[in-house]
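> Next come a sequence and a model predicted from it.
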There are 2 protein chains.
Amino acid sequence: MNKFPRPVRELVSMFERLPGIGPKTAIRLTFYLFQTPPHFVQDFARAMVEMKQKLKTCSICYNIDETDPCRICRDNQRDKSVICVVEKPLDILAIEETGSFKGVYHVLGGVINPLLHIGPDDLFIAPLLERVKKSTPSIKEVIIATDPTMEGEATALYLKKALGKIKPDLKISRIGHGLPMGADLDYADPGTLAEALKGRRSY
Amino acid sequence: MNKFPRPVRELVSMFERLPGIGPKTAIRLTFYLFQTPPHFVQDFARAMVEMKQKLKTCSICYNIDETDPCRICRDNQRDKSVICVVEKPLDILAIEETGSFKGVYHVLGGVINPLLHIGPDDLFIAPLLERVKKSTPSIKEVIIATDPTMEGEATALYLKKALGKIKPDLKISRIGHGLPMGADLDYADPGTLAEALKGRRSY
């Protein structure tokens, strides 16, 4: 790295701090940017700063949008009595793509992960409980849509208990697990297959 | 993509234009940047613009550096009579890492590639020929170190002919091909193995 000119070293070290980008890729991207037209790097830098400046975190659901409250929380067509709890804003976009959910969301900002020292207090769990307690119209259902990973499952369990304590009549559900559409049954892992059997529906 | 706020869309489309970064990675990087501390994005944008502003292309060898001529062309300890021809500035750094070359370089800025409509005139070949013709002290050897790919080999052959025409007494060599150090012979491809046999040295 010391053989690089300083401006190269600085940009390489920035790229390296992005997830999934190692030293080799960081160097390749830096040298690529050097040979792009002058306006490209300017536009890139501006897009980066603007994204950070213009986006806000919604004070109701912690989604990311240009407005606060976000476009989903402001939408009167959405069913405010059903909350879908997700780990991160990107998950909202994935669910919105399906067009099959008309309720609202709540972003946790991650999952409980003891190895990374992330406890319930580090996530937006308290605001969720507050929202369920005080919201009008009253919340009827909370769908927990954390990822089906070890941490996601642990977080779901924690939420289930915490929500049940606050509002015993609340319907709490977990997003369905099973075979992904288009999957090949004999390639499915035993955990997924077991969940698919447990989650079978009358047909 | 339309479901994203505009500032997100803009940054995602920028990331997508970098080599090896697809739509999914571009989205992930954009959302990652959103949750970094405010100064990080500012620093990143600044590093990007500064890299572009501060780096120059060396007018002798077409390497990238903070100064023109670059630090290698300015160095009086280097043997100016031996030129190693490479495709891109990164290749110089790879060779410098070895510490076993004391000559100077010439960057072609790519290779001849008919499929991409890149001909000899699109590369810094004319300045190389000019350099070999006029340089004092006189150039004794040109080592052609383009990649051992189809395009790299074709470019090497083109250079060999062009250089031979200009200066018949010039020593022209090609960087050695063969088994990479630490390689396993029975995993080597036939092309590499054939080159390794052809390039055998007395021992």
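Thanks, I have it.
> Strands of chain A, start to end?
A:56-57, A:64-65, A:79-86, A:103-107, A:141-144, A:171-174 (DSSP state E).
> touching chain B at all, the second one?
Think strand A:64-65. Yes - judged by CB under 8 Å from any CB of the partner chain, strand A:64-65 comes into contact with chain B through A:64-65. For the C-beta atoms, the positions are set from N, CA and C on the backbone; glycine is no exception.
> Could you do the longest one as well?
No - contact between strand A:79-86 and chain B, assessed by CB under 8 Å from any CB, is absent, since the two come no nearer than 12.7 Å.
> Pull out the buried positions in that strand.
Using 16 or more other CB atoms under 10 Å in any protein chain shown as the test for burial, strand A:79-86 gives A:80, A:82-86.
> just the fifth one next, same as before
Buried residues in strand A:141-144, counted by 16+ other CB under 10 Å: A:142-144.
> quick one on the thing from earlier: switch the strands of chain A over to JSON lines; also include mean pLDDT.
As requested, the strands of chain A are exported to JSON lines (pLDDT from 0 to 100):
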{"stretch": "strand A:56-57", "mean pLDDT": "92"}
{"stretch": "strand A:64-65", "mean pLDDT": "92"}
{"stretch": "strand A:79-86", "mean pLDDT": "95"}
{"stretch": "strand A:103-107", "mean pLDDT": "96"}
{"stretch": "strand A:141-144", "mean pLDDT": "94"}
{"stretch": "strand A:171-174", "mean pLDDT": "93"}
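> So which of these is nearest residue B:190?
The closest of the strands of chain A to residue B:190 is strand A:79-86. By CB to CB, the value is 52.2 Å.
> Show me how chain A divides into domains.
For chain A, the structural domains run A:6-54, A:76-174, going by automatic domain parsing.
> Closest residue of chain A to chain B?
In chain A, the residue that lies nearest chain B is residue A:45 (3.7 Å; CB to the nearest CB).
> Excluding chain neighbours, what is closest to that residue?
The spatially closest residue to residue A:45, leaving aside those adjacent along the chain, is residue B:45, at 3.7 Å (CB to CB, 6 or more residues apart in numbering or on different chains).
> try residue A:138
Closest to residue A:138 by CB to CB, 6+ apart is residue A:81, at 6.6 Å.
> And the one you found, how close does it get to residue B:22?
Separation of residue A:81 from residue B:22 (CB to CB, to the nearest Å): 38 Å.
> Tally up the residues packed near the nearest residue to residue A:92 once chain neighbours are set aside, please.
Spatial nearest neighbour of residue A:92, chain neighbours left out: residue A:105 (5.1 Å); criterion: CB to CB, 6+ apart. Neighbour count of residue A:105, defined by other CB atoms under 10 Å in any protein chain shown: 26.
> Show me what residue A:105 bridges to in the sheet.
For residue A:105, the beta-bridge partners under DSSP bridges are residue A:84.
> show me what contacts it?
A:61, A:63, A:72, A:83-86, A:92, A:95 (CB atoms under 8 Å, 6 or more residues apart in numbering or on different chains).
> list the contacts for the most centrally placed residue in chain A?
The structure's chain A has its C-alpha centroid closest to residue A:88; by CA atoms, centre = their mean the separation is 1.6 Å. By CB under 8 Å, 6+ apart, residue A:88 lies in contact with A:107-110, B:31.
> Let's see that with 10 Å instead.
The contact partners of residue A:88, by CB atoms under 10 Å, 6 or more residues apart in numbering or on different chains, come to A:62-64, A:94, A:107-111, A:146-147, B:31, B:35.
> Farthest pair within the contacts of residue A:105?
A:72 and A:85 (13.7 Å).
> For the two, list the residues in contact with both.
Contacts common to residue A:72 and residue A:85, judged by CB under 10 Å, 6+ apart, are A:61, A:105.
> Which stretches in chain A count as helices?
Per DSSP state H, chain A carries helices over the ranges A:6-16, A:23-34, A:38-54, A:71-74, A:89-98, A:125-134, A:150-166, A:190-198.
> Please compute how far the third one lies from its chain's middle.
On the basis of CA atoms, centre = their mean, to the nearest Å, helix A:38-54 is displaced by 24 Å from the centre of the chain it belongs to.
> Report the angle between it and helix A:6-16.
50 degrees (axes from the mean of the first three to the mean of the last three CA atoms, to 10 degrees).
> now for the lowest-mean-pLDDT helix or strand in chain A, which elements pack on it?
Within chain A, no helix or strand scores below helix A:190-198, which has a mean of 84 by mean pLDDT, DSSP states H and E. Contact partners of helix A:190-198 among helices and strands, from 3 or more CB pairs under 10 Å, 6 or more residues apart in numbering or on different chains; DSSP states H and E: none.
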